[in-house]
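Student: how does the following fold in three dimensions:
(one chain, ligands or ions: 1)
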Amino acid sequence: MTAKRIVLEAIGVSHFFDVSRPFLQRLVAREQKRRLRAVDDVSFAVPAGTTFALVGESGCGKSTIARLAVGLHAATIGEIRFENKPLSAARAQPALRRRMNMIFQDPYASLNPRWRVRDIVAEPIRAFTLATRPNEVQARVGSLLAEVGLTVRDGDRYPHEFSGGQRQRVSIARALASEPEFLVCDEPTSALDVSVQAQILNLMRDLQRRLGLTYLFISHNLAVVRHMADRLGVMYLGRIVELGPAEAIFRGPRHPYTRLLLEAIPDLEQIGRRRTPVGGEVPSPIAPPSGCPFHPRCPLANERCRIEKPAYTRTAGVEVACHAVEEGRERA
Ligand code: SF4
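Tutor: Now for the predicted structure:
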């Protein structure tokens, strides 16, 4: 079997935010600069035509990675490559820039409320001169609306006239308008009713199959990720703690955090079973715990975990950053 082409690759990426108080206040209080390490030495690759999902609780850094992946932030350390080129170089070329796009969590906030839907969807077509004559542009808009399950007449309406699910369909049509190959989907269904979420996820899978799309899919919801992911990265406090084929991780999670996350998701085969949410609070990324950052919440933590940051252990294609896995005591 030939290896698939890698569309996006993150190599040792870290990203810091400066969260210091203004200079004069720091001077008076004799305070050092404060940095928030939102992403900590993250590496992954997304092969063409597949979905790589990043999952974790709020504040784990997954949305920062989404923004890094489309160039909205620049990596402080490490590199992101798109089509084997540094991302900044790829974004400088319109032909490559149009091949990546993003679908946001809140479709209402990401659509211009004063524009009709047909103009919203037409804008990338005009910006990248994919069609110039008005009838060509309108024909393309019509086929994009049909692609996402809307009608040509929906193009005459404004975003506020649609339901949440329909608005997300408009966002997807607009994201597809530049004819991208790679889409970063940042919690694309978390603002929607549960009944609508499955429709949007099915639409995204269907589009992926028909158009050969590659997704970087960001979610806090493992049930949603299970529906979408080929490969999966579980994030905790800026770091990927378990990485590998989604099916293998769902079948046999190794990292204690992944196990607790999986414990917490509803299982249709076991309705009525009590779910245990992951206990404790996510620590502040400004002052993360020593050693393994998960140790204050981990049922398997020992002295080594409090002192030493775990390296990755690789078994059966899955990488896990955990001392208990390395020592073989996680299954005890
Ligand atoms: Fe738990 Fe230790 Fe593994 Fe961290 S390294 S997840 S604290 S067992």
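Student: any idea which residue sits dead centre in the protein?
Tutor: residue 218 (2.3 Å; C-alpha atoms, centre = their mean).
Student: touching, that one and residue 187? I think so.
Tutor: Yes: judged on C-beta atoms under 8 Å, residue 218 makes contact with residue 187 at a distance of 5.9 Å. No exception for glycine: its C-beta is placed from N, CA and C like everyone else's.
Student: please enumerate the shared neighbours of the two.
Tutor: Residues touching both residue 218 and residue 187 (C-beta atoms under 8 Å, 6 or more residues apart in numbering): residue 63.
Student: how about the backbone phi and psi for the residue nearest to the centre of the chain?
Tutor: phi -110, psi 130 (degrees, to the nearest 10).
Student: cool, residue 61 as well?
Tutor: phi 100, psi 0.
Student: contacts only, for the nearest residue to it once chain neighbours are set aside.
Tutor: Using C-beta to C-beta, 6 or more residues apart in numbering and skipping residues adjacent in sequence, the residue nearest residue 61 is residue 238, 4.1 Å away. Contact partners of residue 238, counting by C-beta under 8 Å, 6+ apart, are 14, 37-40, 42, 60-61, 285, 288.
Student: for residue 249, same thing?
Tutor: 232, 234, 242, 258, 318.
Student: mind checking which of the contacts of residue 238 are in strands?
Tutor: 14, 37-40, 42 (DSSP state E).
Student: tell me how far residue 35 lies from the ligand.
Tutor: 23 Å (C-beta to the nearest ligand atom, to the nearest Å).
Student: can you point out the helix or strand that includes the spatially closest residue to that residue that is not a sequence neighbour?
Tutor: Distances taken as C-beta to C-beta, 6+ apart place residue 16 nearest to residue 35, at 4.5 Å, with adjacent residues excluded. Using DSSP states H and E, residue 16 sits in strand 6-18.
Student: sheet partners, orientation included, of that strand?
Tutor: Sheet pairing for strand 6-18, assigned by DSSP bridges, gives strand 35-47 (antiparallel), strand 77-82 (antiparallel).
Student: just the ones of the contacts of residue 249 in helices?
Tutor: Judged by DSSP state H, these include residue 258 as members of helices.
Student: any idea which of the contacts of residue 249 is closest to residue 31?
Tutor: Proximity of those to residue 31 was ranked by C-beta to C-beta; the top entry is residue 234 with 34.4 Å.
Student: what residue in the stretch 51-200 of the chain comes nearest to the ligand?
Tutor: residue 56 (13.5 Å; C-beta to the nearest ligand atom).
Student: and that residue, how far from residue 125?
Tutor: Note on residue 56: its distance to residue 125, by C-beta to C-beta, to the nearest Å, is 35 Å.
Student: who's more crowded, those two?
Tutor: Using other C-beta atoms under 10 Å as the criterion, residue 56 and residue 125 rank with residue 56 on top: 26 against 21.
Student: doesn't residue 234 make contact with that one?
Tutor: Yes: look at residue 56 against residue 234 with C-beta under 8 Å: they come within range, at 6.2 Å.
Student: what touches both of these two?
Tutor: Joint contacts of residue 56 and residue 234 (C-beta under 8 Å, 6+ apart) are residue 261.
Student: what ranges does this structure have for its helices?
Tutor: 23-29, 62-69, 87-91, 94-97, 107-110, 117-127, 134-147, 164-176, 194-211, 222-228, 246-251, 256-263, 303-307, 323-327.
Student: redo the ones you listed as TSV? Include mean pLDDT and distance to residue 75.
Tutor: As requested, the helices of the chain are arranged in TSV below (pLDDT from 0 to 100; distance: least, C-beta to C-beta, whole Å):
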stretch	mean pLDDT	distance to residue 75
helix 23-29	82	25
helix 62-69	94	6
helix 87-91	89	8
helix 94-97	87	18
helix 107-110	76	24
helix 117-127	94	26
helix 134-147	95	32
helix 164-176	94	23
helix 194-211	93	27
helix 222-228	89	24
helix 246-251	95	25
helix 256-263	92	24
helix 303-307	96	28
helix 323-327	94	28
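Student: and residue 4, which of those is closest to it?
Tutor: Nearest to residue 4, of the helices of the chain and by C-beta to C-beta, is helix 194-211 at 13.7 Å.
Student: now the closest one against helix 164-176, angle please.
Tutor: For helix 194-211 against helix 164-176, the angle by axes from the mean of the first three to the mean of the last three C-alpha atoms, to 10 degrees is 20 degrees.
Student: so what secondary structure elements neighbour helix 194-211?
Tutor: Using 3 or more C-beta pairs under 8 Å, 6 or more residues apart in numbering; DSSP states H and E, the elements in contact with helix 194-211 are helix 164-176, helix 222-228.
Student: returning to that earlier point: now the strand holding residue 16: buried residues?
Tutor: 7-10, 13-17 (16 or more other C-beta atoms under 10 Å).
Student: also stretch 126-145?
Tutor: 128, 131, 137-138, 140-142, 144-145.
Student: and it, how far apart are its ends?
Tutor: 16 Å (C-alpha to C-alpha, to the nearest Å).
Student: got it, and stretch 100-120?
Tutor: End-to-end distance of stretch 100-120 (C-alpha to C-alpha): 17 Å.
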